[in-house]
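# Just to be clear, the model below is a prediction. Sequence and coordinates:
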Amino acid sequence: MLARVANNLFWMGRYIERAEHVARFMNVNYFSSLDAPNQLSQSRQFVLRSMLFMVGDPVYDDTLLLDEESVLYDIGLNPEKNFSIISSIKTARENANSSRDLISTELYESLNKFYHFVMNYSKELFVKTNLYDFTVNVTEMTAVLRGKIRGTLLHDEVYAIIMLGVNIERAIQVTRIINTKFNDALMAQGSYGDPIGNSFEWSTLLKCAESYDMMRRLYKKSPNSSSTLEFLILNGRCPRSFMNCINQVYKHIHELDKKVEYEKSSTAFMVGKIRAEFEFKQIEEIQDDIQGNLDTILNKMFKISENMEKEFFNY
Amino acid sequence: MGPDTDKTIFSSYDRKDGLFDEVFGKDGNVKSVYQKLLDLYGARSIEDYVTLNNKAKSSFFNQGITFQVYGDKQSQEKIFPFDLFPRIIDPKEWEIIEKGAIQRSLALNHFLWDVYHDKKIVKDGIVPIELLSSSPNYLHQMMYVDPPSKIYNHISGTDIIKHSDGNYYVLEDNIRCPSGVSYVICNRTALKRALFGVFNHYKTHTVTDYAENLLNLLESVKPPGVDSPVCVVITPGMFNSAYYEHSYLAKAMGVELVEGRDLFVENDFVYMKTTQGPVRVDVVYRRIDDLFIDPMEFYPDSSLGVPGLFAAYRKGNVTLANAPGTGVADDKAIYTYVPDIIKYYLDEEPILKNVHTYHCSRPDELQYVLDHISELVIKPVDEAGGYGISIGNKLTKEEIEEVKVKLKANPRKFVAQPIMSLSVHPTYIDAKESFEQRHIDLRTYTVLGQDKQFVLKGGLTRVALKEGNLIVNSSQGGGSKDTWVLKQ
């Protein structure tokens, strides 16, 4: 496969995945805050700041009063903001356009329909009444796309590259979501006499990562900081966890690098090393310095992506 | 959906005398190949038809079979205008078209070999040397280059019309990078879905085998010494208006779609940059114009091409389809010599007729043209896409004078032909909400390989959507129709 096209497919996977996480984060945070148990978590300003923090555009000025409609517009439909959902979908489609000869007609058609849905969505409706409708549609359409990726492509290099993009992006987004909600929990701490370990924000976090139901099945009690982090970072059976993402990356990188013994400078070696480290990690080691550890995870994922660029996308 | 008795498809169809209608005879009777289609659809209402048409259009849109229209702020995506009512060609007529198209392509291929080698046709006084020396499309770099399998015009698009006398005439040959074949296949796909059941009554040749035949023939012209050739399609990129077609062809052939930056040349061999390192490329189906393919040989600031590609080609290490320099044989001045070219190389009578052409480069013919502009079509010899054409009977007095000035200033640049009356076909016109007569032509696609040829049984019927307009090019607001070639 052409190196340039591989690069485009990789980013197509990443942008599709990114759109989903941003959409779900908006949806879950906004609606769960409406009847949140404490004053702060219920405040509009708190939720809007949380959303901006998650997409990487945090507001540091506490006195600034945010306008709800313009924040929702920026994150959802503002084509000028490169973190917006609309920008992600536009870029995903552009990447697909340049590799149309390699992906299936079915996959392209779904992505194309999705693109037109987002492009034609009324800004007015979205910011005033349809936040739920829009974000639910986005998450559903991304699920359809993943289905088409899995079900209509030959499972070869093309598929592996897309899945690498999807899983690296998922690891990054889930880590960002954990970081954001941890930050929220810190701020909400003590506002109704609750220790941080049992904050309402942990349930929201799990819902943002679409892992709440899975977590309840496994632990059968209310989530706290320790169990939530363990589930979302270290549990390889949770499809949204960091551990599962790195396992997938390790599996798919093999399609690109078929050596039995990886060279030390290769991406496959790097991924294997990270995977080995986390396979035998305990949550206690992470809990000491949660934000520091989340930053380390993010940096590792960025490194993998950079290394892939050098090794496979060099054109 | 029951038939609406108020307004059926053809209830307001107006047949003008003097136009050759493909569906209705002079007496208003339906021609036999269309009879069944009219039995099935003639009684349906216009509304039914519009519903079907819209469904087909949205399917094009969702599949992303679109082209970009660039506006002030945002570029808009549009589908290529298309009409569900098909054009049907009976097997006897098709046989003439197919044989004629192959004959022309083979003759032009001989001509190209000759003009880039010994120029016998010039020495024998058939074609004047000035036509070659004054042609901007004649590439001196191609002199004495031997293309693999001696083939230049691997892919030809021949534009054919039916005149009011009922005969087919060739309007022009396109042997540089003829486009449009992907629309042929898309139109067919759309019709099969929309006209449910109709195909049961018509034994129609498939058009979906184009890509496999193309790949087969491209592989047959591989450079000497290569076992299983690696073929690629090279595109200027996704902002090119024909990008959909390039990606379609690559996908349908199962080969890589590359851009210039994906290839490089080392020791006169061509490689593409892949995730697994360099891979050698043997056959390049190029959809980039001649002068852009290699900045070291042609336009030095072209970023679309591949430095060193031409040197590799000259060495015989890579096949380019079509070969560079084919443009010399499809310009409108050479067109008039094609009947002579066919006789000279093949010793055969031309199967398809040429439209009579006046060369403005010849003083006596220039005089005739100047005196009869209102009865003629004036065409620049080297423009594509229907640009720069003046149709005599549509010009005002002032415009005629302007054309005269242009002709006298640069006679070599122009030829003139009698105004041909292209046949008309019922076409649904959105704005009028009814079927009307519109002029059509037919672009056929011929592929030449090592000792074998292929003509796509079908082709692109192009429609001039403006009433009375004779220019069918899509860049001039033309649409298209599916074209059915019936089996014997």
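Everything's here; your move. Because the structure is a prediction, the values reported are computed rather than measured. Numbering: from 1, shown residues only, chains lettered A, B, ... in the order given.
# how about residue B:183, secondary structure?
Classification of residue B:183 using DSSP: H, G, I helix; E, B strand; the rest coil returns helix.
# Look up the pLDDT of it for me, please.
Here the pLDDT value assigned to residue B:183 is 91.
# Could you list the low-confidence segments of the stretch 201-315 of chain A?
Within the stretch 201-315 of chain A, no range satisfies pLDDT under 70.
# let's see 90
Across the stretch 201-315 of chain A, the ranges flagged by pLDDT under 90 are A:201-204, A:216, A:219-226, A:258-262, A:287-288, A:314-315.
# quick check, residue B:271 in a strand?
Yes. Using three-state DSSP, the assignment for residue B:271 is a strand.
# for it, what are its contacts?
Contacts for residue B:271 (Cβ atoms under 8 Å, 6 or more residues apart in numbering or on different chains) come out as B:263, B:264, B:265, B:278, B:279, B:280, B:281. Placement of C-beta: from N, CA and C, glycine included.
# which of those residues sit farthest apart?
Farthest pair in the contacts of residue B:271 (Cβ to Cβ) is B:265 and B:279. Separation: 13.5 Å.
# more neighbours, the two?
residue B:265 (21 against 15; other Cβ atoms under 10 Å in any protein chain shown).
# For residue B:324, which three-state class applies?
Residue B:324 is classified as coil under three-state DSSP.
# gap between it and residue A:146?
Distance, residue B:324 to residue A:146, using Cβ to Cβ, to the nearest Å: 45 Å.
# Also residue A:176?
From residue A:176 to residue A:146 the distance is 20 Å (Cβ to Cβ).
# Quick one: neighbours of residue A:24, just the number.
Residues near residue A:24, counting by other Cβ under 10 Å, number 21.
# how about the nearest residue to residue 286, chain neighbours excluded?
In the absence of a named chain, chain A is used. residue A:293 (4.6 Å; Cβ to Cβ, 6 or more residues apart in numbering or on different chains).
# try chain B instead
Nearest residue to residue B:286, sequence neighbours excluded (Cβ to Cβ, 6+ apart): residue B:234, at 4.8 Å.
# Test of understanding: give the bridge partners of that neighbour.
Per DSSP bridges, the residues bridged to residue B:234 are residue B:258, residue B:286.
# so it touches residue B:259, yeah?
Yes. The pair residue B:234 / residue B:259 is scored as a contact, 6.9 Å apart, by Cβ atoms under 8 Å.
# And the two? Which one has more around it.
residue B:234 (26 against 22).
# Spell out which parts of chain B neighbour chain A.
B:61-64, B:233, B:237-238, B:243-244, B:247-248, B:250-251, B:256-259, B:261-262, B:272-275 (Cβ under 8 Å from any Cβ of the partner chain).
# Which positions in the helix or strand where residue A:113 lies come out as buried?
Element membership of residue A:113, judged by DSSP states H and E, is helix A:105-119. Judged by neighbour count (16 or more other Cβ atoms under 10 Å in any protein chain shown), helix A:105-119 contains these buried residues: A:107, A:108, A:110, A:111, A:112, A:113, A:114, A:115, A:116, A:118.
# Give me the below-cutoff pLDDT ranges for the stretch 201-350 of chain B.
Within the stretch 201-350 of chain B, the ranges that satisfy pLDDT under 90 run B:238-242, B:276, B:301-303, B:331-334, B:336.
# now do the stretch 1-150 of chain A
In the stretch 1-150 of chain A (pLDDT under 90), the answer is A:32-44, A:60-63, A:98.
# hmm, try it at 70
Looking at the stretch 1-150 of chain A by pLDDT under 70, you get an empty list.
# Sheet-wise, list the partners of the longest strand along chain B with their directions.
Longest strand in chain B by number of residues (criterion: DSSP state E): strand B:434-449. Here strand B:434-449 has these sheet partners by DSSP bridges: strand B:155-162 (antiparallel), strand B:424-429 (antiparallel), strand B:452-455 (antiparallel), strand B:460-464 (antiparallel).
# Can you name the residue of the stretch 151-300 of chain A nearest to chain B?
Chain B sits closest to residue A:256 of the stretch 151-300 of chain A, with a gap of 6.1 Å, by Cβ to the nearest Cβ.
# Any idea which residue of the stretch 1-150 of chain B lies closest to chain A?
Closest point on the stretch 1-150 of chain B to chain A, by Cβ to the nearest Cβ, is residue B:64, at 4.3 Å.
# Please report how far that residue lies from residue B:403.
41 Å.
# Residue A:155 now?
Distance from residue A:155 to residue B:403, by Cβ to Cβ: 62 Å.
# between those two, who's got more neighbours?
Between residue A:155 and residue B:403, counted using other Cβ under 10 Å, the more crowded position is residue B:403 (20 against 11).
# correct me, but that one touches residue B:389?
No. Look at residue B:403 against residue B:389 with Cβ under 8 Å: they stay out of range, at 10.7 Å.
# helix, strand or coil for the nearest residue to residue B:222 once chain neighbours are set aside?
Residue nearest to residue B:222 in three dimensions, not counting chain neighbours: residue B:229, with 3.7 Å by Cβ to Cβ, 6+ apart. Under three-state DSSP, residue B:229 falls in the coil class.
# number of nearby residues for residue A:253?
So residue A:253, with other Cβ under 10 Å, has 26 neighbours.
# List the contacts of the nearest residue to it once chain neighbours are set aside.
Excluding the flanking residues, the one nearest residue A:253 by Cβ to Cβ, 6+ apart is residue A:268, at 4.7 Å. Shown in contact with residue A:268 (Cβ under 8 Å, 6+ apart): A:250, A:253, A:254, A:256, A:257, A:259, A:262.
# and the third one, how far is that from residue B:145?
Think residue A:254. 46 Å.
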